[in-house]
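A.B. asks: Okay, structure incoming, though there's no sequence with it:
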């Protein structure tokens, strides 16, 4: 009887331990917070073990689109925030990433929606706080405030801060680089350099005139009310799409940029032609602070194709990381 009671208590304790909410520390992150406007901003810092308080450069990662938690995990363990080996990066830098507004820091993929997206349990929709703030200028200004906060931390080498953005994160870091206080260099990967809407329109232009016409009709609706956000509809609101499609595109932002910029993109990414144009335009205006790398026959997330289908077993992220890490070492 005593043995059964002991076994029951042991199993109960194990269940309670497994049911405890996860924290950033469980995944090796330090969790910092700061206030921006009326929001609490969650900042996660990953450091090489033993270097948490050592003064080192910062590598700041601006997330792509979708309302996803920063840290994702399942029964097998955590996913990588960046799909690269971080050892070489952490040997040199503290890695920093900031949460999406209104989105939890941590999410069990088994409990999230398609693409590991988070929805409010009560409404089954993205949180209102996310819809209200999910636009370019908010992210650029908020992240700039985060960099100012980090620059005053004793463990941050404030004269050596690198920004990296992929996909939606790319135009965010391009906008931040326009006024590069506290920014040393920028890594811009697979951004829509002439605005998101052009990428969407040209992506559906391969003989699909019906799809392209629908995209253009949608744009007509967006420009009629560019500040509208609607959390009850799937996909991005007019506020989001308009902000990432405005006349001040990344190409225009980069005309004003004087710090070193690494531009990497897959040649089969829908936005590849806009990055070819960015390359041409930076040559035309005499910019010498840009390094371009085009990765042949890979798509938006740096995967190859096999028989016309994306082959998720053939990632080129490590090649991209090798290139931008070498570039970081060469730029001061």
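C.D. replies: Yep, that arrived. These figures come from a predicted structure and were not determined experimentally.
A.B. asks: Could you pull up the residues touching residue 120?
C.D. replies: Contact analysis of residue 120 by CB atoms under 8 Å, 6 or more residues apart in numbering lists 126, 127. Every residue, glycine included, has its C-beta placed from N, CA and C.
A.B. asks: Same check on the one 5 residues further on?
C.D. replies: Under the criterion of CB under 8 Å, 6+ apart, the neighbours of residue 125 are 119, 231, 232.
A.B. asks: For the second one, the count of nearby residues, please.
C.D. replies: Applying other CB atoms under 10 Å, we find 18 other residues in the vicinity of residue 231.
A.B. asks: now residue 316
C.D. replies: By other CB under 10 Å, 19 other residues sit near residue 316.
A.B. asks: Disregarding flanking residues, what is the spatial nearest neighbour of it?
C.D. replies: The spatial neighbour of residue 316 that comes closest, neighbours along the chain excluded (CB to CB, 6 or more residues apart in numbering), is residue 302 at 4.3 Å.
A.B. asks: Residue 163 too?
C.D. replies: Nearest one to residue 163, counting by CB to CB, 6+ apart, is residue 173 at 4.2 Å.
A.B. asks: The one you found: which element?
C.D. replies: helix 169-177 (DSSP states H and E).
A.B. asks: Now the element after that helix, going C-ward?
C.D. replies: strand 185-189.
A.B. asks: contacting residues around that next one?
C.D. replies: Under CB under 8 Å, 6+ apart, the answer for strand 185-189 is 162-167, 170, 173-174, 176-177, 180, 250, 257, 259-265, 320, 324, 327-328, 331.
A.B. asks: And what about residue 300, helix, strand or coil?
C.D. replies: coil (DSSP: H, G, I helix; E, B strand; the rest coil).
A.B. asks: what sits against it?
C.D. replies: 167, 190, 266, 269, 270, 271.
A.B. asks: next one: residue 270
C.D. replies: Neighbours of residue 270 in contact, by CB under 8 Å, 6+ apart: 199, 200, 202, 203, 300.
A.B. asks: which residues does the fourth one contact?
C.D. replies: Looking back up the chat, that one is residue 203. residue 270.
A.B. asks: redo that, cut-off 10 Å
C.D. replies: 192, 211, 212, 215, 269, 270, 271, 300 (CB atoms under 10 Å, 6 or more residues apart in numbering).
A.B. asks: ok, those residues vs residue 223, which is closest?
C.D. replies: Closest to residue 223 out of those is residue 215 (12.9 Å), distances taken as CB to CB.
A.B. asks: Hmm, residue 285 is touching residue 279, no?
C.D. replies: No. Judged on CB atoms under 10 Å, residue 285 makes no contact with residue 279 at a distance of 11.5 Å.
A.B. asks: neighbour count winner among those two?
C.D. replies: Neighbours were counted for residue 285 and for residue 279 using other CB under 10 Å; residue 279 has more, 17 against 10.
A.B. asks: Which helix or which strand is home to that one?
C.D. replies: Here residue 279 is assigned to helix 272-284, by DSSP H and E.
A.B. asks: circling back to that earlier point, what separates the residue nearest to residue 163 from residue 62, distance-wise?
C.D. replies: Distance of residue 173 to residue 62, given as CB to CB, to the nearest Å: 5 Å.
A.B. asks: With neighbour numbers in mind, choose between those two.
C.D. replies: residue 173 (28 against 25).
A.B. asks: For the more buried one, give me its contacts.
C.D. replies: 60-62, 139-140, 143, 162-166, 183, 186-189, 191, 250, 253, 261.
A.B. asks: Could you measure from it over to residue 121?
C.D. replies: Taken as CB to CB, the span from residue 173 to residue 121 is 32 Å.
A.B. asks: in the stretch 1-150 of the chain, which segments are predicted with low confidence?
C.D. replies: Applying pLDDT under 70 to the stretch 1-150 of the chain flags the ranges 1-19.
A.B. asks: go with 80
C.D. replies: 1-21 (pLDDT under 80).
A.B. asks: can you map out the helices along it?
C.D. replies: 2-19, 87-92, 128-133, 136-151 (DSSP state H, counting those that start in this stretch).
A.B. asks: for residue 95, what are its contacts?
C.D. replies: Applying CB under 10 Å, 6+ apart, one finds that residue 95 lies in contact with 29, 44-48, 58-61, 81-82, 86, 89, 164.
A.B. asks: hey, what's it bridged with?
C.D. replies: residue 46, residue 59 (DSSP bridges).
A.B. asks: residues contacting residue 192?
C.D. replies: 167-168, 170-171, 198-200, 202-203, 244-245, 249-251, 269-271, 274-275.
A.B. asks: and the longest strand along the chain, how far out from the chain's middle?
C.D. replies: Determined from DSSP state E, the single longest strand within the chain is strand 156-166. Strand 156-166 has its C-alpha centroid displaced from the chain centroid by 14 Å (CA atoms, centre = their mean, to the nearest Å).
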